[in-house]
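With the input below, show me the fold.
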Amino acid sequence: PDPPMPAPVPPVLEKGQPLKEKITPYRSIANIPQPIEQPVPVAPIPETPLSGGLFHFRCYGTDMQVRLDGSQRFTLRSTQEADVADAWETLSGNTYNNLLIDCLAIRKRHRLCDWAYLSVLEQLANDFLGDNTPEAVLLQAFLFHQSGYQTRLGRSKSGKLYALVASRHIIYNMSFFDIGGKHFYPLRYREDGLYIYANPYPGEQQLSLEVGREQLFDEAPLPPRTLQSQGEYPLTTTLEFNKNLIDFYNTYPQSYVNNNGTTKWRFYARTPISRQIKEKLYPVLQTAIDGKSEQEAANILICFVQTALTYGYDDEIWGGDRPFFADETLYYPYSDCEDRAILFSTLVRDLLHLDTVLLYYPGHLATAVCFREKAGGQTLIINRKKYTYCEPTCSGYAPVGWCPQDLSAIQPEVILY
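Okay, the predicted model is just below:
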């Protein structure tokens, strides 16, 4: 990745001074496929009138339960193909129907994205059959596969069993195997080479790294954080965060589509701020922008993002690039350009109901807003509509339309989402 650009120094402008409109070209538009619906089992799963207990487990601090008891534990004779096939056939009988039904109900109840659902199945399998045992790996792979996802099993030279899941998106820092032109990622993989049971099944679907909606985990309060913007539009709000949601975001892998690394940000930008944060933050912002023009309202929002947050480099804080979901930007003490561009874009969409895009420059991410009113300043014509450049990462207040001099002549890549 390009080295990050320092936070721009804000301009010295007279209050109310209009910015002259300057049309600037862009280099390209990131072509991003639309999300697809989560997969479902290829055939209906009938309930089984079996008596038995409930198995309780916790994932992301959230209590969950499924119909499962000790009589359904099993032991693999070995990880050789014949023994794995025999165990898979046993799992495919009706004894585990209720378990699968309950897992899918958990996915729906907690609005789990594919990655969260995969993690829940892993926790369930490990708690029931032992951490990362061959039996636990097999059960997780079976449940994920029967839920409609492309899943394979692999055996290492040391005889260890691995679950492999196909992803629509390229996942950073994970090894993969090309099977039939698709990328299959082995989970918890630390070896060299696998013998893979690669039989395809009809109707199976690749994992998606889309989150797209709030994940509904039990609440575990973190210490509140007070944010206060400075200067032109001072605002103060105190926010409380859910540790379980923050913990989930910490497990989420970066990914991209269409061999275009800039598309990784759309996964973060498409995920809404949690209801818990909206209930505290949005009334404060809404009160401040009520009765204002679109441009002044956007200036209030951008001032909050610019001055209530502290800039920090990912390399120094995290040891590498680490994009944030909007909740994380508000929670952590430091954020950078990509985090603020995503947060500001979310606030504009939610509170002003205006369309936004992200703008990628070497080492920098910004936002552009499609105002219905004339705004002025740095302007891009995207799909026949005017978008105004917005710089959420200034070291002080800078109004919408102002673009740092270093970027004003550079053509950005536009990221639609």
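
quick one, helices of the stretch 51-200 of the chain?
81-91, 97-109, 114-129, 134-146 (DSSP state H, counting those that start in this stretch).

just those helices: most buried one?
helix 134-146 (a mean of 24; mean count of other CB atoms under 10 Å). (Glycine included, C-beta is placed from N, CA and C.)

leaving aside the residues next to it on the chain, what's closest to Tyr332?
Phe324 (6.9 Å; CB to CB, 6 or more residues apart in numbering).

Is it correct that the one you found is in contact with Ile342?
Yes - counting by CB atoms under 8 Å, Phe324 touches Ile342, with 7.1 Å between them.

which one of the two has more residues nearby?
Ile342 (30 against 21; other CB atoms under 10 Å).

Is that one in a helix, a strand, or coil?
With DSSP: H, G, I helix; E, B strand; the rest coil as the basis, Ile342 sits in helix.

Give me the distance between it and Leu124.
Ile342 sits at a distance of 32 Å from Leu124 (criterion: CB to CB, to the nearest Å).

Phe325 now?
Phe325 is 25 Å from Leu124, by CB to CB.

burial of Tyr26, as a residue count?
18.

Tell me how far it lies from Leu99.
51 Å.

And Gly181, by the same measure?
Applying CB to CB, the value for Gly181 to Leu99 is 32 Å.

what's the answer for Glu204, then?
From Glu204 to Leu99 the distance is 19 Å (CB to CB).

How about exporting stretch 81-88 as CSV, limited to the C-alpha atoms?
Taking C-alpha atoms only, stretch 81-88 is exported to CSV below (Å, rounded to 0.1, in the frame of the first residue of the first chain):
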residue,chain,number,x,y,z
GLU,A,81,-10.9,-40.4,3.3
ALA,A,82,-13.0,-43.6,4.0
ASP,A,83,-13.4,-42.8,7.7
VAL,A,84,-14.2,-39.1,7.1
ALA,A,85,-16.8,-40.2,4.4
ASP,A,86,-18.4,-42.6,6.9
ALA,A,87,-18.7,-39.9,9.6
TRP,A,88,-20.1,-37.5,7.0
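
quick one: average confidence on stretch 60-80?
Stretch 60-80 carries an average pLDDT of 96.

oh sorry, the question was meant for stretch 313-330
Stretch 313-330 comes out at a mean pLDDT of 95.

I would like the residues contacting it, please.
Contact with stretch 313-330 is made by 1, 4, 211, 225, 227, 239, 241, 245-246, 249, 252, 254, 264-265, 268, 271-274, 277, 281, 309, 332, 334-336, 338-340, 342-343, 346, as judged by CB atoms under 8 Å, 6 or more residues apart in numbering.

redo that, cut-off 7 Å
With CB atoms under 7 Å, 6 or more residues apart in numbering as the contact definition, stretch 313-330 has outside contacts at 1, 4, 227, 239, 241, 245-246, 249, 254, 264-265, 268, 271, 273-274, 277, 309, 332, 334-336, 338-340, 342-343, 346.

how distant is it from the center of its chain?
13 Å (CA atoms, centre = their mean, to the nearest Å).

got the buried residues for that stretch?
By neighbour count with 16 or more other CB atoms under 10 Å, stretch 313-330 contains the buried residues Asp314, Arg322, Pro323, Phe324, Phe325, Ala326, Asp327, Glu328, Thr329, Leu330.

Now, the contacts of stretch 313-330 that are in helices?
Judged by DSSP state H, helices contain the following of these: 245-246, 249, 264-265, 268, 277, 338-340, 342-343, 346.

now for those, which pair is the farthest apart?
Lys264 and Ile277 (22.6 Å; CB to CB).

and Pro39, what does it touch?
For Pro39, the contacting residues are Ser147, Gly148, Tyr149, Gln205, by CB under 7 Å, 6+ apart.

again, only using 6 Å
Gly148, Tyr149, Gln205 (CB atoms under 6 Å, 6 or more residues apart in numbering).

Name the nearest residue to the last one, sequence neighbours excluded.
This means Gln205. Pro39 (3.7 Å).

cool, and Thr262?
In space, Thr262 is closest to Tyr360, 4.7 Å off (CB to CB, 6+ apart).

same deal with Glu135?
Leu129 (4.2 Å).

How much space separates the one you found from Tyr172?
Leu129 is 30 Å from Tyr172, by CB to CB.

same thing with Asn383?
Distance, Asn383 to Tyr172, by CB to CB: 30 Å.

which SSE is Ala368 in?
Here Ala368, judged by DSSP states H and E, is contained in strand 364-370.

I'd like to know which of the contacts of Pro39 is nearest to Ser78.
Closest to Ser78, out of all of the contacts of Pro39 and judged by CB to CB, is Tyr149, at 25.7 Å.

Quick check, pLDDT for the closest one.
pLDDT at Tyr149 comes out at 97.

my guess is Ile179 contacts Ala198, does it?
Yes - contact criterion CB atoms under 6 Å: Ile179 and Ala198 qualify, at 5.3 Å.

Which one's more surrounded, those two?
Ile179 (16 against 13).

Assign Pro33 to helix, strand or coil.
With three-state DSSP as the criterion, Pro33 reads coil.

what's it in contact with, if anything?
With contact set as CB under 6 Å, 6+ apart, Pro33 has no partners.

follow-up on the earlier one: ok, now how distant is the residue nearest to Tyr332 from Arg168?
For Phe324 relative to Arg168 (CB to CB), the value is 23 Å.

repeat for Glu191
Distance check for Glu191 against Arg168: by CB to CB, it reads 25 Å.

Understood, closing this out.
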